[in-house]
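**Student:** can you look at this prediction? I've put the sequence above it.
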Amino acid sequence: MPREQNQSWVSEFILLGFSSDPTSNRIFFFAFLLLYLSSILGNGLIVTLICLDSHLHTPMYFFLCILSLLDMGSVTTTVPQMLVHLLTHSQTISFACCWLQMYMFGAFGLFECIFFVVMAYDRYVAICYPLRYTIILSWDLCTQLAAGTCACGFFLSLIHTFLTMRLPYCGPNIVNHYFCEGPSVRSLACMDTHLIEMVDLVISVFMVVAPLSLIVTSYIRIVLAILKIKSNSGRYKAFSTCVSHLIVVILFYAPASYVYMRPNSSYSSERDKQVSTFYNVFTPLLNPVVYSLRNKDIKGAFLKIIEGVAGTMSGREGGKKQPLKQPKK
């Protein structure tokens, strides 16, 4: 069906959000504003530390920097729009803005799905081939891996978004969600969506099951390599470098798999809204906490910058010229 006909039927969508009560919306506004600012500040701090500290210019922290940028992009795609709706009591979003929001959110999410495999490969090389780590993971390979996963994520998101928004939407146009997520919008289509669901399932299998299988395979080999380490301190150090990544993977894949790897017949708007809030809002907030609390290098870089700023301030105070005393006559 031509795109013009779709848009002539539905030119905008209404996002119900979390509540229609003004008092509740004000509470939600301040709560999500705090979560959003905390997420941006936390991930922004990690990016800043990695860029400023030369000791963190390694493949591992290069990938961590990209993950923080992805989290910032993902949460910025959805939360500011939700905050505007909560503050202005306007719940409408145009067809084009809904299309763009769905595409960008999907692109960041798919990019992150594949990127976790790259981070698992980084840990595999670091533990199983520590002496050849910088040779295997050269900067050329790191940039190629980042660019390749980015291109793959944005391309697959384009397919998903195009197929969803090309469906005929003849009403109703009320989306029981706080942003234009694929399954929630697709449930309003005026035609059978089994074919689109099958395409989405194939993409989900490719982007969730396949990466998870590669991650599990990598960590099986990592565990086998760690068990060969004779000293307990060496085992603990090697294992601690992987725990943060495993926690982040679980926090991301578990709710995302629940939302996207199901047919529309089992779709529950209220339940999906709550689950998507977790991986869209809370996961970007928790990622910096997980990495900073368990990572001595990140904490060391932060303390170094604080000490540098304090030293600069004290230097300025001490560098002030004292007034010259007039000689006694």
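**Tutor:** That came through, no problem. Numbers count the residues shown, from 1 in each chain.

**Student:** spatially nearest residue to Leu156, not counting backbone neighbours?
**Tutor:** Nearest residue to Leu156, sequence neighbours excluded (CB to CB, 6 or more residues apart in numbering): Leu110, at 5.2 Å. In this view, the C-beta of every residue, glycine as well, is placed from N, C-alpha and C.

**Student:** what sits against the one you found?
**Tutor:** The contact partners of Leu110, taken as CB atoms under 8 Å, 6 or more residues apart in numbering, are 152-154, 156-157, 203, 207.

**Student:** any chance of a markdown table for these, columns neighbour count?
**Tutor:** A markdown table is the format used below for those (neighbours: other CB atoms under 10 Å):
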| residue | neighbour count |
| --- | --- |
| Cys152 | 18 |
| Gly153 | 22 |
| Phe154 | 16 |
| Leu156 | 20 |
| Ser157 | 23 |
| Ile203 | 18 |
| Met207 | 25 |
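
**Student:** TSV please, covering those residues and showing distance to Lys237 and pLDDT.
**Tutor:** Shown next, in TSV, are the contacts of Leu110 (distance: CB to CB, whole Å; pLDDT from 0 to 100):
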residue	distance to Lys237	pLDDT
Cys152	33	91
Gly153	32	90
Phe154	37	92
Leu156	37	87
Ser157	38	89
Ile203	38	76
Met207	32	77
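
**Student:** dump those into TSV; add distance to Asp53 and secondary structure as well.
**Tutor:** TSV is the format used below for the contacts of Leu110 (distance: CB to CB, whole Å; DSSP: H, G, I helix; E, B strand; the rest coil):
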residue	distance to Asp53	secondary structure
Cys152	30	helix
Gly153	28	helix
Phe154	30	helix
Leu156	34	helix
Ser157	33	helix
Ile203	38	helix
Met207	33	helix
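
**Student:** tell me the one of those residues nearest Leu285?
**Tutor:** Distance to Leu285 across the contacts of Leu110 (CB to CB) is lowest for Gly153, with 21.4 Å.

**Student:** now do the contacts for the closest residue to that closest one other than its chain neighbours.
**Tutor:** The shortest distance from Gly153 to any non-neighbouring residue, by CB to CB, 6+ apart, is to Phe111 (3.1 Å). Residues near Phe111 by CB under 8 Å, 6+ apart: 70, 149-150, 152-154.

**Student:** tell me how far Tyr133 lies from Tyr121.
**Tutor:** According to CB to CB, to the nearest Å, Tyr133 and Tyr121 sit 12 Å apart.

**Student:** which stretches in the chain count as helices?
**Tutor:** Using DSSP state H, the helices of the chain run over residues 3-9, 22-52, 59-88, 95-128, 133-136, 139-165, 182-186, 194-204, 210-227, 232-260, 269-277, 283-294, 296-318.

**Student:** buried ones in the shortest one?
**Tutor:** This points to helix 133-136. Going by neighbour count (16 or more other CB atoms under 10 Å), the buried part of helix 133-136 is Tyr133.

**Student:** who touches it?
**Tutor:** By CB under 8 Å, 6+ apart, the list of residues contacting helix 133-136 reads 58-59, 125-126, 129.

**Student:** before we move on, the earlier item: and the contacts of Leu110, which is closest to Glu307?
**Tutor:** Gly153 (38.6 Å).

**Student:** pull the contacting residues for that closest one.
**Tutor:** So Gly153 contacts 107-115 (CB under 8 Å, 6+ apart).

**Student:** center of this protein, which residue is that?
**Tutor:** Asp71 (2.9 Å; CA atoms, centre = their mean).

**Student:** spatially nearest residue to it (excluding sequence neighbours)?
**Tutor:** Here the residue nearest Asp71, using CB to CB, 6+ apart, is Pro284, at 3.6 Å.

**Student:** isn't that neighbour right up against Thr76?
**Tutor:** No. Pro284 lies out of contact with Thr76 (CB atoms under 8 Å); the separation is 9.4 Å.

**Student:** return the helix or strand in the chain with minimum mean pLDDT.
**Tutor:** Lowest by mean pLDDT, DSSP states H and E among the helices and strands of the chain is helix 3-9, with a mean of 48.
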